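Chemist: sequence plus predicted model, see below.
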Amino acid sequence: DFSADHLMIVDKRINEVVGTYRLLSSHFTHDFYSASEFDVDEFIRRPTVKLEMGRACIHTNYRDGNTIDLLWKGLTRYIFATKTEYLFGCASVKTMDQVMIGRLYKTLRDQEMWSDEYQVRSTWDYQFPGFSMNCTDALTPSEKRETLPALLRSYLHAGAKVYGWPALDLDFACTDLLTILDWRKLAPRFQARFLKD
C-alpha cells in the first residue's frame with residue numbers, strides 16, 4: 001500500500017492482528033477514497049493537514065471497546081506526529097431506506113451534528129434518488145442507537161459532524177455519510193481520555 005499508513009493492534013498472547021485502521025494523510029497523498037463518493041474539493045483545497053480515516057476493522061472477539069480505545073490512542077500519536085488538523089472519512093449506515101435516512105438527517109441537524117459548510121454532495125454514481133433534507137420526523141433515541149454504527153457514534157461523540165448529503169452505495173447495500181472532525185474541537189471527554197500520557 002503506497003498511499004496509506006496502517007495502524008494495527010496485535011494481541012501478543014497469540015501474535016494475531018485484532019484491529020486495524022487505514023490512514024491517508026494529505027502529507028503523502030491527495031488520492032482520497034472519499035472523493036470517489038463525494039465532491040470534497042472545497043474541503044480538500046483548505047490549506048490544512050488532513051487525515052482520511054480509511055477502513056477500520058476489529059476482530060469480532062475484540063469488539064468490547066478496548067480495541068477501539070487502543071486504535072484511538074495510536075491514532076492520537078499519529079495525529080501529533082503529522083500535525084493533522086482535520087480527520088475525515090466515510091461512515092456507512094446499513095440502510096438504503098430514503099425515509100429512514102431523511103429522519104436520520106433531521107436528527108443530526110436537530111442535535112447540531114450536521115453541517116453544509118463545504119457543500120459536500122455525492123458524485124454522480126452515488127446519488128441518492130428521493131433523498132430530501134425536508135423530513136420533519138426525527139429518529140427516536142432507540143432508532144438512532146440501532147441505526148448508527150458504533151464507530152460513527154464514537155466519531156460524533158468526539159465532536160465530528162456529518163457534512164453535506166448522503167451517498168447511496170448499491171454495491172454494499174448501505175448509505176455512506178461524510179464525517180469531518182476539527183481536531184482542535186475534540187470533545188473534552190475525548191481529550192481527557194486520549195491526550196494524557
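Modeler: Sure thing, it's come through. Numbers count the residues shown, from 1 in each chain.

Chemist: which residues sit against stretch 98-106?
Modeler: With contacts defined as Cβ atoms under 8 Å, 6 or more residues apart in numbering, stretch 98-106 is touched by 93, 95, 114, 128-139, 143-144, 147-148, 162, 166, 175. (C-beta placed from N, C-alpha, C; glycine too.)

Chemist: buried subset of these, written for ChimeraX?
Modeler: In ChimeraX, selecting the buried portion of those, with burial taken from 16 or more other Cβ atoms under 10 Å, looks like this:
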select :93,114,128,131,135,138,139,144,147,148,162,166,175
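
Chemist: just the ones of the contacts of stretch 98-106 in helices?
Modeler: Among the contacts of stretch 98-106, the ones falling in helices (DSSP state H) are 143-144, 147.

Chemist: out of those, who's nearest Gly19?
Modeler: Nearest to Gly19 out of these is Thr147 (Cβ to Cβ; 23.7 Å).

Chemist: so what's that closest one up against?
Modeler: Taking Cβ under 8 Å, 6+ apart as the test, what Thr147 contacts is 93, 95, 100, 104, 139.

Chemist: any figure for the gap between it and Arg55?
Modeler: 20 Å (Cβ to Cβ, to the nearest Å).

Chemist: ditto for Leu177
Modeler: Distance, Leu177 to Arg55, using Cβ to Cβ: 15 Å.

Chemist: neighbour-wise, which of these two wins?
Modeler: Leu177 (28 against 12; other Cβ atoms under 10 Å).

Chemist: and that one, what element?
Modeler: strand 174-182 (DSSP states H and E).

Chemist: helices or strands next to that strand in the packing?
Modeler: strand 86-93, helix 150-158, strand 161-169 (3 or more Cβ pairs under 8 Å, 6 or more residues apart in numbering; DSSP states H and E).

Chemist: got CSV for the ones you listed, with mean pLDDT and distance to Ser36 too?
Modeler: Output for the helices and strands packed on strand 174-182, formatted as CSV (pLDDT from 0 to 100; distance: least, Cβ to Cβ, whole Å):
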stretch, mean pLDDT, distance to Ser36
strand 86-93, 95, 9
helix 150-158, 88, 19
strand 161-169, 97, 9
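
Chemist: now render these as CSV, adding distance to Phe38.
Modeler: Formatted as CSV, the helices and strands packed on strand 174-182 follow (distance: least, Cβ to Cβ, whole Å):
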stretch, distance to Phe38
strand 86-93, 8
helix 150-158, 15
strand 161-169, 6
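
Chemist: please enumerate the strands of this structure.
Modeler: Assigned by DSSP state E, the chain shows strands spanning 5-11, 16-25, 38-39, 50-58, 86-93, 114-115, 121-122, 161-169, 174-182.

Chemist: let me know which of these is the nearest to Gly74.
Modeler: Closest among the strands of the chain, using Cβ to Cβ: strand 5-11, at 4.8 Å.

Chemist: now the closest one against strand 50-58, angle please.
Modeler: Here strand 5-11 runs at an angle of 30 degrees relative to strand 50-58 (axes from the mean of the first three to the mean of the last three Cα atoms, to 10 degrees).
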